[in-house]
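A.B. asks: got a sequence here, can you model it:
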Amino acid sequence: MPVKGIISDGQKAIRAAVASVMASVPHQLCQIHYLRDAAKPIVEADRHAATQLKAQVRGIRPIERALEARRDQSAQAARDYCLAVRSSLTDERHPPLDLPGIKLHTRLSQIHASLSLVAQKRGSDPTC
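C.D. replies: Numbers count the residues shown, from 1 in each chain. Presented below is the predicted three-dimensional model:
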């Protein structure tokens with residue numbers, strides 16, 4: 001069967017071997033490797049943004065400790081919000097197709113919007 005093309009991850013040794021043995025055969029990078037390499041600057045910026053977002057919402061545990069003894073509905077709601085934030089922080093994604101920083105920003109924005117709505121209904125300040 002004739003070789004019509006080669007797809008590889010682009011390692012230098014493989015490129016050199018293909019160039020010397022099958023110089024006339026088209027050679028391309030695997031698409032996921034190509035995307036990963038092309039997206040490196042975006043992935044790095046996303047990682048930096050995720051680190052900054054996580055730093056802004058650290059300190060959930062002291063809030064949870066303060067609410068441990070309380071059994072009222074407001075305390076349970078606050079614990080639920082703390083759990084939502086904690087879950088947002090630990091959820092990892094797989095770049096380049098799914099960026100964790102963008103996902104974290106989306107989730108934290110949804111939590112903030114929900115808290116703001118609750119505060120607005122109660123007529124209080126939604127400082128988060």
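
A.B. asks: can you pull the contacts of His27?
C.D. replies: Taking CB atoms under 8 Å, 6 or more residues apart in numbering as the criterion, His27 is in contact with 5-8, 15, 18-19. Glycine gets a C-beta too; all of them are placed from N, C-alpha and C.

A.B. asks: and it, how far is that from Gln11?
C.D. replies: Distance of His27 to Gln11, computed by CB to CB, to the nearest Å: 12 Å.

A.B. asks: now swap in Leu29 and tell me
C.D. replies: Distance of Leu29 to Gln11, given as CB to CB: 10 Å.

A.B. asks: okay, these two: which has more neighbours?
C.D. replies: Leu29 (16 against 10; other CB atoms under 10 Å).

A.B. asks: what score does that one have for pLDDT?
C.D. replies: With respect to pLDDT, Leu29 scores 85.

A.B. asks: what does the helix or strand of the chain with the lowest mean pLDDT contact?
C.D. replies: Sorting the helices and strands of the chain by mean pLDDT, DSSP states H and E puts helix 31-38 at the bottom, at a mean of 82. Under the contact criterion CB under 8 Å, 6+ apart, helix 31-38 has outside partners 9-10, 28-29, 43, 95-97.

A.B. asks: got the CA coordinates for that helix in CSV?
C.D. replies: Only the C-alpha atoms of helix 31-38 are listed here, as CSV (Å, rounded to 0.1, in the frame of the first residue of the first chain):
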residue,chain,number,x,y,z
GLN,A,31,-4.1,18.5,15.0
ILE,A,32,-4.3,18.3,18.8
HIS,A,33,-0.5,18.8,19.0
TYR,A,34,-0.7,21.6,16.5
LEU,A,35,-3.5,23.3,18.5
ARG,A,36,-1.7,22.8,21.8
ASP,A,37,1.4,24.4,20.4
ALA,A,38,-0.4,27.3,18.8
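
A.B. asks: tell me what whichever helix or strand comes after it is packed against?
C.D. replies: Using DSSP states H and E, the next helix or strand after helix 31-38 towards the C-terminus is helix 40-56. Applying 3 or more CB pairs under 8 Å, 6 or more residues apart in numbering; DSSP states H and E, we find helix 40-56 packed against helix 100-122.
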